[in-house]
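A.B. asks: sequence plus predicted model, see below.
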Amino acid sequence: MFGTLYGSGDVVSTSYAVATIATLALAALALVGLSWTSGRWRVPVALSAIALLAAGFAYLDAGKVWLAQQQMTAAMRYAGWFTVVPLQVAAAFFFARCLGPVGVGVFWRITVAAILLVLTRYLGDAGFFNPTLGVLLSMAFWLYILGEMYFGAMADWVRKGTRPVRLGWFWMRLIMTIGWAIYPVLHFVDVVIGVGQAPAVLVLYNVSDLFNLVTVSMIVLAVAGQESY
């Protein structure tokens, strides 16, 4: 998309370009960060880097589609979410695992919940069942993940960590609580009300995705770097 000229008024194209550059640049930073983090922190940092890379390529592809056709479908966004959301949840698990032996069962439960979070909303959007049911099921899986992060074994071990670890976990949970809450709202506007993939909706999705992914990934990298010195 970077070889195509578009005007400053094309906010959608601009948002895709910014999201692509930001995620790929920060993925490179996270990969470089593997060299200054200790061994126990490398898994969550690597997972964050891979999530950023996947998002960057998804934005790049979606931006090309928008420039070529000036329209978008929800399927393009789900293609990225199916990879990025489980990776973010897995990064949160291994973040907590750095503090203590959190059971592997927690990993499988929250990872499967993250996949189902995306899948149920996608099936609703695709018309396999009622879209409202899809978003309600998706919210149930999201709340389950948050329950594990607030009240489960991960939270128990993080509470025993240093102040940077506790603060990092606090902000990660807050972003995955408040930041992820925008998606059911946008889904309601997009699908239930029937606005569709309008330019304003696309920009809001891009800004929300970028904020939620970048901040969580950079928190993981910052805490990992501080704990290594």
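C.D. replies: Great, that's in hand. Numbers count the residues shown, from 1 in each chain.

A.B. asks: alpha carbons only for contacts and neighbour counts from here, please
C.D. replies: Fine.

A.B. asks: secondary structure element for the closest residue to residue 173 other than its chain neighbours?
C.D. replies: Spatially, and ignoring its direct neighbours in sequence, residue 173 is nearest to residue 149 (6.9 Å; CA to CA, 6 or more residues apart in numbering). For residue 149, the host element (DSSP states H and E) is helix 131-151.

A.B. asks: now that helix: average pLDDT?
C.D. replies: In this model, helix 131-151 has a mean pLDDT of 93.

A.B. asks: packing partners of it?
C.D. replies: Counting contacts by 3 or more CA pairs under 8 Å, 6 or more residues apart in numbering; DSSP states H and E, helix 131-151 packs against helix 104-126, helix 153-158, helix 163-174, helix 182-187.

A.B. asks: now it: how far from the chain's centre is it?
C.D. replies: The chain centre lies 15 Å from the centre of helix 131-151; the measure is CA atoms, centre = their mean, to the nearest Å.

A.B. asks: buried sites along it?
C.D. replies: Residues 131-132, 134-139, 141-142, 144-146, 148-149 are the ones in helix 131-151 that count as buried (16 or more other CA atoms under 10 Å).

A.B. asks: so where's the protein uncertain?
C.D. replies: Flagging of the chain using pLDDT under 70 yields the residue ranges 1-8, 194, 228-229.

A.B. asks: ok, back up a step: wait, which of the helices and strands packed on helix 131-151 is closest to residue 12?
C.D. replies: helix 182-187 (15.9 Å; CA to CA).

A.B. asks: now for that closest one, which elements pack on it?
C.D. replies: Helix 182-187 packs on helix 131-151, helix 199-227, going by 3+ CA pairs under 8 Å, 6+ apart.

A.B. asks: TSV for those, including distance to residue 183?
C.D. replies: Converted to TSV, the helices and strands packed on helix 182-187 look like this (distance: least, CA to CA, whole Å):
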stretch	distance to residue 183
helix 131-151	9
helix 199-227	8
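
A.B. asks: which of those sits closest to residue 89?
C.D. replies: Closest of the helices and strands packed on helix 182-187 to residue 89 is helix 131-151, at 8.1 Å (criterion: CA to CA).

A.B. asks: what's the angle between the closest one and helix 104-126?
C.D. replies: Taking axes from the mean of the first three to the mean of the last three CA atoms, to 10 degrees, helix 131-151 and helix 104-126 form an angle of 160 degrees between their directions.

A.B. asks: ok, residue 103 - how many residues close by?
C.D. replies: The number of residues packed near residue 103 is 12, by other CA atoms under 10 Å.

A.B. asks: OK, contacts around it?
C.D. replies: Residues in contact with residue 103 (CA atoms under 8 Å, 6 or more residues apart in numbering) are residue 153.

A.B. asks: backbone dihedrals for it, please?
C.D. replies: phi -60, psi 140 (degrees, to the nearest 10).

A.B. asks: any idea how far it is from residue 157?
C.D. replies: Noted for residue 103: a distance of 11 Å to residue 157, by CA to CA, to the nearest Å.

A.B. asks: then residue 9?
C.D. replies: For residue 9, the distance to residue 157 equals 49 Å [CA to CA].

A.B. asks: more crowded one of those two?
C.D. replies: Applying other CA under 10 Å to residue 9 and residue 157 shows that residue 157 carries more neighbours, namely 17 against 8.
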